[in-house]
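In: Give me a 3D structure for the following:
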Amino acid sequence: MKKAFKFLSLFLVVGALAAFTTTDTVAGYKVGDTAADFSLKNVDGKKVSLKDFKSAKGYIVVFTCNHCPYAKAYEDRIIALDKKYKSQGYPVIAINPNNPDKVADDSFDNMVARAKEKHYSFPYLLDEGQKVFPQYGATKTPHVYVLQKTANGNVVKYIGAIDDNYEDAAAAKEKYVENAVNALLKGKDVTVKETKAIGCSIKA
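Out: Below is the predicted model:
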């Protein structure tokens with residue numbers, strides 16, 4: 001009986017320690033990893049995958065949403081990124097990772113309305129079942145992943161924020177995504193490969 005009690009006590013202690021040590025690690029892609037493709041519903045009702053963009057040299061994958069103030073602050077900049085880089089081979093692919101059961105503003109119907117209102121020139125996809133954002137390791141809205149298409153797949157070249165000033169686009173001194181894509185277009189290495197994403201936590 002005493003041995004059983006000691007074993008149970010040890011089991012509980014080990015379990016408690018594991019709970020505190022494993023939850024601090026965020027899984028997901030790191031710079032240099034190859035990102036798997038996905039197939040998600042766009043606001044037009046059609047499924048969209050990265051492989052659909054035959055002429056793309058890479059992608060600006062942005063996890064964003066309707067309701068978050070940070071996402072709203074960056075919305076026009078996301079639109080501008082697509083308009084600037086889509087023709088150069090780096091289209092924006094926007095993904096809403098939030099659970100609409102928890103945030104009504106992020107429902108599919110509201111996504112459709114928002115995309116129409118703002119005249120999105122890029123896909124706005126719903127991560128149904130919330131399976132894609134954990135693969136990437138996204139934690140915020142917005143959270144950006146710049147991918148480069150290679151013979152071996154889509155390689156992650158940059159992860160993080162769009163720039164260094166969410167409050168004022170004109171005051172941004174470091175335009176991380178633009179700098180990353182510009183470097184890739186010139187065949188150069190990305191200098192700043194990772195920054196801290198600033199935004200609302202993803203509602204799973």
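In: For this structure, which segments are assigned as helices?
Out: Remark: helices assigned in the chain by DSSP state H are 2-22, 69-85, 108-117, 132-136, 176-185.
In: per-stretch mean pLDDT over these, give me the minimum one.
Out: Considering the helices of the chain one by one, the lowest average pLDDT is found for helix 2-22, at a mean of 37.
In: partner residues bridging the residue positioned nearest the centre of the chain?
Out: Centroid check for the chain by Cα atoms, centre = their mean gives Phe63 as the closest residue, at 3.4 Å. Beta bridges link Phe63 to Ile95, His143 when assigned by DSSP bridges.
In: Find me the pLDDT at it, would you?
Out: 98.
In: got it, and Ala204?
Out: For Ala204, the model assigns a pLDDT of 89.
In: who are the neighbours in contact with it?
Out: Residues counted as contacts of Ala204 (Cβ atoms under 8 Å, 6 or more residues apart in numbering) are 98-99, 102, 130. Glycine gets a C-beta too; all of them are placed from N, C-alpha and C.
In: where's it relative to Thr139, distance?
Out: The spacing between Ala204 and Thr139, counted by Cβ to Cβ, to the nearest Å, is 10 Å.
In: If you count neighbours, what's buried in stretch 126-145?
Out: Taking 16 or more other Cβ atoms under 10 Å as the basis for neighbour counts, the residues of stretch 126-145 that come out buried are 126-127, 132-134, 136-145.
In: Looks like Glu75 contacts Tyr120 (just checking).
Out: No. Under the criterion of Cβ atoms under 8 Å, Glu75 is not in contact with Tyr120, lying 9.2 Å apart.
In: count of residues packed around the nearest residue to Tyr145 once chain neighbours are set aside?
Out: Spatial nearest neighbour of Tyr145, chain neighbours left out: Val61 (4.4 Å); criterion: Cβ to Cβ, 6 or more residues apart in numbering. As a burial measure, Val61 scores 25 neighbours (other Cβ atoms under 10 Å).
In: Would you agree Lys157 is in contact with Leu184?
Out: Yes. Taking Cβ under 8 Å as the definition, Lys157 is a contact partner of Leu184 at 6.2 Å.
In: More neighbours: which of these two?
Out: For the pair Lys157 and Leu184, the greater number of neighbours falls to Leu184 (23 against 19), based on other Cβ under 10 Å.
In: hey, what's the nearest residue to that one once chain neighbours are set aside bridged with?
Out: In space, Leu184 comes closest to Gln148 once its chain neighbours are excluded; the distance is 5.5 Å by Cβ to Cβ, 6+ apart. When bridges are assigned using DSSP bridges, the partners listed for Gln148 are Gly58, Val155.
In: Check whether Gln148 really touches Gly58, as I assumed.
Out: Yes. Taking contact to mean Cβ under 8 Å, the distance of 4.3 Å between Gln148 and Gly58 places them in contact.
In: joint contacts of those two?
Out: Counting by Cβ under 8 Å, 6+ apart, the residues touching both Gln148 and Gly58 are 154, 157, 184.
In: Pick the one among the residues you listed closest to Ala71.
Out: Lys157 (22.5 Å; Cβ to Cβ).
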